[in-house]
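Participant: sequence and predicted structure below; questions after.
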Number of protein chains: 2
Amino acid sequence: IAVGVVIMWAVVYSMYADPLRAEPPSIAERDDLTKRESGVTPSSPMRLRMESFINEQQKHIVQTLETLDPDHRFRLDSWTRPGGGGGVSCVLQEGEVFEKAGVNTSTVYGTLPRPAIQKMRVNHKALDPDVESLEFFAAGLSCVLHPRNPNAPTVHFNYRYFETMDERGECNAWWFGGGTDLTPSYLYDEDVIHFHRTIKEACDKHDRAYFPRFKQWCDKYFHIPHRGESRGVGGIFFDDLDEQEKDQEQLFSFVKDCLLAFLPSYLPLVEKRKEMPFTEKEKEWQQLRRGRYVEFNLVHDRGTAFGLNTPSARVESILMSLPLTARWQYMHEAEKGSREERLLKVLKEPRDWV
Amino acid sequence: IAVGVVIMWAVVYSMYADPLRAEPPSIAERDDLTKRESGVTPSSPMRLRMESFINEQQKHIVQTLETLDPDHRFRLDSWTRPGGGGGVSCVLQEGEVFEKAGVNTSTVYGTLPRPAIQKMRVNHKALDPDVESLEFFAAGLSCVLHPRNPNAPTVHFNYRYFETMDERGECNAWWFGGGTDLTPSYLYDEDVIHFHRTIKEACDKHDRAYFPRFKQWCDKYFHIPHRGESRGVGGIFFDDLDEQEKDQEQLFSFVKDCLLAFLPSYLPLVEKRKEMPFTEKEKEWQQLRRGRYVEFNLVHDRGTAFGLNTPSARVESILMSLPLTARWQYMHEAEKGSREERLLKVLKEPRDWV
């Protein structure tokens, strides 16, 4: 084994080190080599397994969504980060079914400064408090779908993995986060129930307490304080799930099942609604709801804020979550007894759907 | 005089004090009484003079804008704040000339907690550092006009006055802030030059250093870091102008002249452009630029953030600044050599126009 390691190091050096550079290869460079040489297997480090899983799921989801609208293809943009990592953004605009649809992976290798470590220690005691900086890795898959038909709901999911590493790339602290939420313009109870039931089944396989706990977290997270209403009607949200919650394998398996539940939770809804007739007034209401979506994402969403504040972030990928078009109408009021008013009531008082 | 004061206090008590309430009337209540009893004169406290000036200017601006589009009237909403103060929002939507136009006054009487006082002391040494809280007053006039025609620029202005008071309502520290900026979708150099020249004339009457200094401050303030571009092509911006700058009368006179320069700086532009023919593609470009306007206002504008975080704020008045409609298109690129590309270049490198 020792010999193998020496050879591998020699290979790493021959690939990356230029004669003027004395530093050893970065963790990102070594991970790239590992992937190329030995592939990713169940015994690989979790960061490579998560990355490989989200890449594979991205392809699968994009392909499946394309079958809904064979005349429109996702545009694919691959990008790399100077410090290590990168991603693939798949975006479809002005399709038949989706006004805008984005399915993005992103992977970051970076360095956490001391203040960021101190903050994270609140939730993760495994983090070493006595270091000036720590290497970290983050990988996630995000998806936002804004359908054209106002009867079909907007949906979002994001699943991510985060870890810190010592300088040899050994994992130090790690956690998973993510969730999915549904944002209809018009409420079809059976759709919302189906969405929640499918997610609940995925959660229940792992822990019966997860769904109620993460549904509540979702209602709290996707709240727009200045409007006194939620962005959508619910789903699940969780963050900072680490070894204090369950072991790494169990949590990875949970996150995988959540992600695998996405298409079954959402696809039937858009299939059922995408060709329903609608009026111009209904389209306008959808545009107003899109305005609220923009308000949440730009004013309150911590993920968007984090992204926009990351140096050399790919802004076009972060803001793919915004709808193609949105509307703000001063003092708009829903008619008494209307379907619009019914939605607002539910957004003001989140409901348990299953 | 002493007798007069005693009588006045008796009147105040008889008006506001109910038999179960032992506290003296608030500063807001006493100010209301003063205004009703004696009106506002050049010897009134500055807060009343500023309030009276912005109320009068709001009426004048709304009336003038209505002459541009006689078939559409501004909707007027008067509101009061529980703690004292209130405002008038005048909004016109889906007019012939303006897609959305808002001209709002707002007046706040409130209490600054110690941390807020500490922060403000950085710029205002007159603030007493040894108190637990301070009464404050703020009054401002804001205006945002989004014309329908993509050849006519969006414009914004805000002029405001802030003071802190002891419990008898005597002014302690005070300052003025404000500015105006122009956001065209298509660049007509002569329009931008006219806008800047008019503001510069108003500034020059008070201090030849003001215009260059406040133009630079404007370019810095209305910058969208995540896009590496400015919201618009410039104007002026200033804040915290207090006795370290000039005396209160001089600064009030400066702010009045800035505000009075607004209609002459902007009206000729919209009159010239409002009936120009335009294509659907030009309208779409305007909508994309409106998307950037939303990004600035919701992500970076300190005024909007302050408003949305103020308890019992009137959210509809704060967000009247958002356009009626906006658009986000993934990876939109302006054509080489196009008018769209020319605008982007100027937004990336702010220019001196006069």
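Facilitator: Good, I have the coordinates. Source: prediction; values computed, not measured.

Participant: mind checking how far the residue nearest to the spatial centre of chain A is from chain B?
Facilitator: Centroid-nearest residue in chain A: A:N158, 1.7 Å away (criterion: Cα atoms, centre = their mean). According to Cβ to the nearest Cβ, to the nearest Å, A:N158 stands 18 Å off from chain B. In short, each C-beta sits where N, CA and C put it, glycine included.

Participant: ok, A:F252 touching A:F176?
Facilitator: Yes - counting by Cβ atoms under 8 Å, A:F252 touches A:F176, with 7.2 Å between them.

Participant: mutual contacts of the two, please.
Facilitator: Taking Cβ atoms under 8 Å, 6 or more residues apart in numbering or on different chains as the contact rule, A:F252 and A:F176 both touch A:Y161.

Participant: compare the two (neighbour count), which wins?
Facilitator: A:F176 (25 against 18; other Cβ atoms under 10 Å in any protein chain shown).

Participant: in contact with A:V270, which residues?
Facilitator: A:68, A:97, A:145, A:147, A:152-153.

Participant: quick one: secondary structure of it?
Facilitator: helix (DSSP: H, G, I helix; E, B strand; the rest coil).

Participant: mind checking how far it is from chain B?
Facilitator: A:V270 is 20 Å from chain B, by Cβ to the nearest Cβ.

Participant: name the nearest residue to A:Q118, ignoring sequence neighbours.
Facilitator: A:P129 (7.3 Å; Cβ to Cβ, 6 or more residues apart in numbering or on different chains).

Participant: and that neighbour, backbone torsions?
Facilitator: phi -80, psi -10 (degrees, to the nearest 10).

Participant: just checking, it touches A:M120?
Facilitator: No - look at A:P129 against A:M120 with Cβ under 8 Å: they stay out of range, at 10.3 Å.

Participant: show me which of the two is the more surrounded one.
Facilitator: More crowded of A:P129 and A:M120, by other Cβ under 10 Å: A:M120, with 19 against 9.

Participant: residues touching A:E275, list them.
Facilitator: A:N149.

Participant: in the stretch 151-300 of chain A, what residue is nearest chain B?
Facilitator: As assessed by Cβ to the nearest Cβ, chain B sits closest to A:L298 within the stretch 151-300 of chain A, at 3.8 Å.

Participant: in its sheet, which strands sit next to the host helix or strand of the residue nearest to the centre of chain A, and in what direction?
Facilitator: A:N158 belongs to strand A:154-165 when assigned by DSSP states H and E. Strand A:154-165 sits in its sheet next to strand A:133-147 (antiparallel), strand A:171-183 (antiparallel), going by DSSP bridges.

Participant: mind exporting the C-alpha coordinates of it to PDB?
Facilitator: Extracted in PDB, the C-alpha atoms of strand A:154-165 (Å, rounded to 0.1, in the frame of the first residue of the first chain):
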ATOM      1  CA  THR A 154     -43.700  26.200  -9.000                       C
ATOM      2  CA  VAL A 155     -41.400  23.800  -7.200                       C
ATOM      3  CA  HIS A 156     -37.900  24.000  -5.700                       C
ATOM      4  CA  PHE A 157     -35.500  21.500  -4.200                       C
ATOM      5  CA  ASN A 158     -32.000  21.700  -3.000                       C
ATOM      6  CA  TYR A 159     -29.900  18.900  -1.400                       C
ATOM      7  CA  ARG A 160     -26.400  19.600  -0.200                       C
ATOM      8  CA  TYR A 161     -23.400  18.200   1.600                       C
ATOM      9  CA  PHE A 162     -20.800  20.100   3.500                       C
ATOM     10  CA  GLU A 163     -17.500  19.000   5.100                       C
ATOM     11  CA  THR A 164     -14.300  20.500   6.500                       C
ATOM     12  CA  MET A 165     -11.000  18.700   6.000                       C
END
